[in-house]
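Q: Make a model of this:
(3 chains)
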Amino acid sequence: MSAPGATGAAVPGAAPVLRLTDVVKTFPGVRALDGVQLEVNEGEVHCLLGQNGAGKSTLIKVLAGVHHADSGEISWLGEPFAPATPQAAMRAGIATIYQELDLVDDLSVAENAFLGHEESRFGFTRRRSSAAKTRQILARLGHPEIPARRLVKHLPAAGKQIVSMARALSHDARLIVMDEPSAVLAHDEVANLFRIIRELTAQGIAVIYISHRLAEIREIGDRVTVLKDGRTTAANLPARTTPTRELVGKMTGRSIEYVFPPRRPRDETEPILVVAGLTRHGEFADATLAVAPGEIVGIAGLVGSGRSELLETIFGARRPDSGTVTMDGRRVTGVGGAVARGIGMAPEERKSQALLLDEPVYKNMTLASFSGFAHGGFTDTRDERAAALKTADLLELRPRDVDRPVRTLSGGNQQKVVVGRWLLGGTKLLLLDEPTRGVDVGARAELYQVIRGLAEDGVAVLLVSSEVPEVLGLADRVLVMREGRLIHEAPADELDEDTVLDLVMAGSLLEGEPA
Amino acid sequence: MSALSRRRVLFGGAAVGAGALLTACTSNDPGTDAQVKTNSSGDANAAPGTKVVIGFSAPAADHGWIAAITNNAKAQAAAYTDVELKTVEAGADAAAQRAALATLIAQKPTVLVMLPHDGKELNATGLEAMRAGIPVVNLDRAFPSQAAYRLQIKGDNYGMGLAAGDYIGAQLKAKGVSNPIIGEIPGIDSLELTQERTQGFNTALAAYGFKVANRRPAEFTADSGQASATALLQALPKMDALWNHDDDQGIGVLAAIKQAGRSEFFMVGGAGSKAAIDQIIADNSVLKATVTYSPSMASSAISLARLIGQGKGMTDLVELQVPKEITLASETITKENAAKYAKLGF
Amino acid sequence: MTAEAVRAKKPRQIDDGVIRNLGLVGVLIILVVIGIVTRPELYSDPTWVRNNVLTILQQASAIGVVTVGMTFVIIGGGIDLSVGAIIALSGVWATTLATQSYGAAGMIFTALVVGVAVGVVNGVLISYGRLVPFIATLAMLVSARGLAAQISGKQTQVSANDTINNIASTKLIGIPLLVWMLAAVVAAGWVLLNRTTFGRRTVAVGGNPEAARLAGINVKRHTLMLYALSGLCCGIAAIMLTSQATSAQAAMANLYELDAIAAAIIGGTLLSGGRGTIVGALFGVLVFSTITNLFAINNLSTEVQNMVKGGIIVAAVLIQQFRYRSLTQLLKR
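A: Now for the predicted structure:
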């Protein structure tokens, strides 16, 4: 462990604004923070790296005044700092932009920006002045085109993030914490985010930037602090020059080199899933594809290209306007039928679409199959537990406790529970929507291994991801999707990242239409 | 039983609306046993006179008593060849009744008979009608303003309590019970009518040196009567007498008494329903008497409205016009006189 | 369970409603103690005490049956404001002269079928008509009472059927038949919730409807069945109440919806769905029934009783939350 402030490529002459020393925070059964050191300088982008469950979220919440540290010292602008409430932290100049943006959909951009500290006179909000100030802030963020009076729900994800940042600036924040800000953004939007971050730091505002994407850290970061199991394992490493191997090593204790399991040659088999001319107006059109048993097919495309909608329609969760889905020679028209034919889906939003957070792991794993375990309508929790435990072992679930509420698991382990659900049901086709979103590097490798293992056991896999390397590394065959259409198909080893990115980002559909 | 309407605010204000849509009436049709004054031979007022149009408005019934009021009014009007009855739905609350009455007043009936949702809230409507030259007959729920009505005919809640207390006191005294345990099951306790009845009851008992040992209010419904009576019986393992304010909820009270296997006391009812009168005649339960609060007042109101419309007085009285206020006496129905009252039961 | 045993368990197991129910048992004990202290002369008679316990249970039976159905609906993410109205409609329909002519079996059949049918209408409106449960069942509350008033001609309909009327006065092994019925419904409800696929689906549908749907559970059909189940419970309760009052009328079971919801909530059922216990709901009902009894034997006014009931709802939930939190805190150390 390096001592805080010992090394690094901090902005020359910049003074530390925030310093954490030996901060500890415990929850029932967990030492979420177990001695964290962190030093952030004025005007720097300080990256926080760590696996899920390493304590990043807890650390953010301590800074934001949501949690209170049990012991250790926090100094902010040279003074001891212990915000009692999120409002107190805000007032002190620390703003946090959470992964799940905490905006009110039915309020306007300006109202959201000034939420909690509305300008008012005699109890009446001063809408005009708020709107004017919001416009100034939006201009400062390089987005004068966002109307201050528009309802937030009409904005795209990237626009919402800008509003979140506008809120931070409305408080005159001197430190902005960003929790995986790029997760909800498409490729080109990330570039804009970075431009904004650079403008903020140029004004002397410090940024704590959390991301799993090493490439982003290289591009935007000044220094990196690595957390593992609630401790700082490395502090103030130079973001651009520290070797990946070292960073991953500090995070996980293992190397990233063999992330993707090797493909094995596969016999040509008849497809199990055949999708023909599937169309939903305004979402995707004329999608035709097939997946064979034991094959992993990946769909590469940007957020908004219609890939999630396509997957949900194949699963029967959305009704197509035209076209057919055939599984094992039989039509699929609804979720019930899809599950009965052996299709399983791990949706994009784990928490809101897949999990019963307060229920134990085993009940979540058997959510699609508990009827099969039951005898005459009576559930058999003993068999369910045993089966869940077996699956947990197979997926290396941590902790290996199937009675624990899913809420207490890290993102990667939650994802394993969702995948495990379909392993229990004797699934023949698995639809995976962004299976590694919010999953740390170590757990990703395990998930890849699991997916590949399933395919080798004869399960057909249809995978959607916005991370092109993931699709290329994992899939046997790749479909490229853009603006609701499947525009290219090729074996994964005949494509490289640049080609795919060119395809998904090409200007118009006709112009980019490949042979 | 004024202000029963408040209960409708609690449950099913749209009962009226739904009721209007559905016309089927499967059973227990109350229209068959209305209280009508027919024996009028030799009465000069019985002869047909000038044609009288009587406007009538009462709250939609959620209780046997209110249902009987409307039925009685209709039946009595039908008994006269010179009376035309115009009925308007009173709606769910005072505001609805006000609106309905405004329409009715515009049609210029000769006389207006109404059982208001609330006397205070419809006072202005009474004044308006009177100013328009339409005499108003107020049924049971008094207007605060004297100018708002030509005739008020109502029951006597305080008198009911007095009658019940008097009967119980006399019976216990006759039996020689010196320190009796007396129970009381009122209707909805927050209503003024309930408080008046209880006051009368307590006053009458005090004259005998008795007082109520326990009172458990019900809600004028049989199931609430059963629940309250069960609680009361449990609280008073031995009891000498019981007054239940309302014969409708009394069905449940009597059921509870039977279920508890109790018979050491006697019970007095209230209002004077047909079922209660039948039971008093049969004399096979603890119910020995009931004190009246009769919906026959609606029949009388129509008769008197006709006289007012025709400018006649009550022939047995000296006055040339109908008096301004009539309060029915609360009568005590016992086995001895029950036969006489059987046709007045509702 | 000893304190050590509680502490030895993992935090998640506190969630099983044990602590919540312990809180309610505490409230019950306090109420009984108050009864003993205030009316020692009554409590000194063992026959009276036995009778009193049975009376409390008997008066809790109809509302208890309704609360079991309500608990399922709430766990499943809904709410049923129409239970009182369904009871009234079932009771009134079962006691029309026409129905009574078919005898006790006809009356019971009618009450159950009407209850289930109204529940199905609720369920169809909510699952397939996509009405908010609050609105759909509020509309049903109003219109079912209206229909009941129409059918009964706004009169109290007396049951002339001795078999029906005797249900309330029959005892088996010294215990009222109504209490046996409550016990049977509670036991069936417990098994249904905790041991069957139906119960598992209920928790899933209430806990996360989207996850349940994407796991292949027919959420709409299940939601419909929950309201039908609530309607069935109302039908059973209608028979019980009709027997107790030997009559039915459109205004019967007044405000039962509020009592049932309150009992379910203080019994540890989450109003947002996904979690709840049948045993807790039963204790909730018993607390209310015991309060009524306590106030009756002390001749205290019902106005104060209602205030105390409201206070108990708030206090029970607060205490449970506090105890739950502090106990979990304790377990963390």
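
Q: CA only for contacts and neighbour counts going forward, please
A: Noted.

Q: Close to chain C: what parts of the stretch 401-515 of chain A are there?
A: A:404-405 (CA under 8 Å from any CA of the partner chain).

Q: which stretches of the stretch 401-515 of chain A form helices?
A: Assigned by DSSP state H, counting those that start in this stretch, the stretch 401-515 of chain A shows helices spanning A:411-424, A:441-456, A:468-474, A:497-505, A:509-512.

Q: The stretch 201-333 of chain C too?
A: Going by DSSP H, counting those that start in this stretch, the stretch 201-333 of chain C shows helices at C:209-214, C:219-245, C:256-266, C:278-297, C:302-332.

Q: got the domain boundaries for the chain?
A: Reading this off chain A. A:1-86+A:207-254, A:274-512 (automatic domain parsing).

Q: wrong chain, I was asking about chain B
A: According to automatic domain parsing, chain B comprises the domains B:44-155+B:295-312, B:157-292.

Q: and those, which one is worst for confidence?
A: If those are sorted by mean pLDDT, domain B:44-155+B:295-312 sits at the bottom with a mean of 88.

Q: buried sites along the longest helix along chain B?
A: What stands out as the longest helix in chain B, according to DSSP state H, is helix B:157-175. By neighbour count on 16 or more other CA atoms under 10 Å in any protein chain shown, the buried set for helix B:157-175 is B:157-169, B:172.

Q: any idea how far the strand or helix carrying B:Ile333 is from the chain center?
A: Taking DSSP states H and E as the definition, B:Ile333 sits inside strand B:332-334. Counting by CA atoms, centre = their mean, to the nearest Å, strand B:332-334 is centred 16 Å from the centre of its parent chain.

Q: All the helices of the stretch 1-150 of chain C, in order from the start?
A: Going by DSSP H, counting those that start in this stretch, the stretch 1-150 of chain C shows helices at C:3-8, C:18-38, C:40-43, C:46-75, C:83-94, C:97-100, C:103-127, C:133-152.

Q: Would you point to the one among these that's packed deepest?
A: Mean neighbour counts were compared across the helices of the stretch 1-150 of chain C using mean count of other CA atoms under 10 Å in any protein chain shown; the top stretch is helix C:83-94, at a mean of 34.

Q: Just confirm yes or no for that helix near chain B.
A: No: on the criterion CA under 8 Å from any CA, helix C:83-94 is out of touch with chain B, staying 8.6 Å away.

Q: Lowest average confidence across the domains of chain A, which one?
A: Among the domains of chain A, domain A:1-86+A:207-254 scores lowest, at a mean of 80.

Q: ok, for residue 293, nearest residue in space, not its chain neighbours?
A: Using chain A here. Closest residue to A:Pro293 apart from its sequence neighbours, by CA to CA, 6 or more residues apart in numbering or on different chains: A:Ala460 at 4.4 Å.

Q: try again with chain C
A: Distances taken as CA to CA, 6+ apart put B:Ala231 closest to C:Asn293, at 6.1 Å, once the chain neighbours are dropped.

Q: Secondary structure element for the one you found, which one?
A: Using DSSP H and E, B:Ala231 sits within helix B:222-235.

Q: mind listing the strands for the stretch 201-346 of chain B?
A: In the stretch 201-346 of chain B, the segments counted as strands under DSSP state E, counting those that start in this stretch are B:212-215, B:241-244, B:266-271, B:287-292, B:325-327, B:332-334.

Q: Which one of the ones you listed lies nearest to chain C?
A: Proximity of the strands of the stretch 201-346 of chain B to chain C was assessed by CA to the nearest CA; the nearest stretch is strand B:212-215, lying at 5.2 Å.

Q: hmm, back to that, could the helices of the stretch 1-150 of chain C be laid out in a markdown table, adding distance to A:Asp229?
A: Formatted as a markdown table, the helices of the stretch 1-150 of chain C follow (distance: least, CA to CA, whole Å):
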| stretch | distance to A:Asp229 |
| --- | --- |
| helix C:3-8 | 25 |
| helix C:18-38 | 32 |
| helix C:40-43 | 61 |
| helix C:46-75 | 37 |
| helix C:83-94 | 52 |
| helix C:97-100 | 71 |
| helix C:103-127 | 45 |
| helix C:133-152 | 45 |
